[in-house]
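> below is the sequence, then the predicted model.
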Amino acid sequence: MILSINQVRFFQLLEFAPYLREFFCSKSRVYDPDGINEFLRSASRGEILMAKFFVSLWKNQNEMNFDLFEAANQLDNSNRSIIAQWVSDPFWP
């Protein structure tokens with residue numbers, strides 16, 4: 001299967017959060033909700049926020065309650081720049 005342009009953009013953005021790559025499959029175009037939930041049990045606060053961001057982006061809905069203001073307050077510059085890149089030109093895979 002060929003990825004859409006927005007799916008390609010998603011996977012390019014995901015490269016900046018390598019600890020989340022294993023939960024999203026570009027070949028089958030699915031994500032692993034059980035794997036994400038398991039990951040969240042031991043993840044740092046920043047990793048949790050980024051996982052919520054990427055799942056929300058992937059699903060085009062905020063079922064994990066990603067909070068942009070919390071992210072802006074809690075994340076380091078590197079992670080904030082990932083979100084800012086998306087905010088400046090939003091897309092949904």
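Noted; the coordinates are in hand. Residues are numbered from 1 along each chain as shown.
> for stretch 7-15, which outside residues touch it?
Stretch 7-15 has contacts (Cβ atoms under 8 Å, 6 or more residues apart in numbering) with 3, 20-21, 24, 26, 29, 54, 57-58, 82, 85-86, 91, 93. Yep, even glycine has a C-beta here, placed from its N, CA and C like the rest.
> just the ones of those in strands?
Applying DSSP state E to the contacts of stretch 7-15, the entries found in strands are Phe24.
> so of the contacts of stretch 7-15, which two are at opposite extremes in space?
In terms of Cβ to Cβ, the contacts of stretch 7-15 reach their longest pairwise distance at Arg29 and Gln85, which sit 21.5 Å apart.
> grab the longest helix from this protein for me.
Scanning the chain for the longest helix, with DSSP state H as the assignment, gives helix 45-59.
> ok now that helix, how far from the chain's centre?
4 Å (Cα atoms, centre = their mean, to the nearest Å).
> after that helix comes which helix or strand?
Heading C-terminal from helix 45-59, the first helix or strand you meet, by DSSP states H and E, is helix 68-74.
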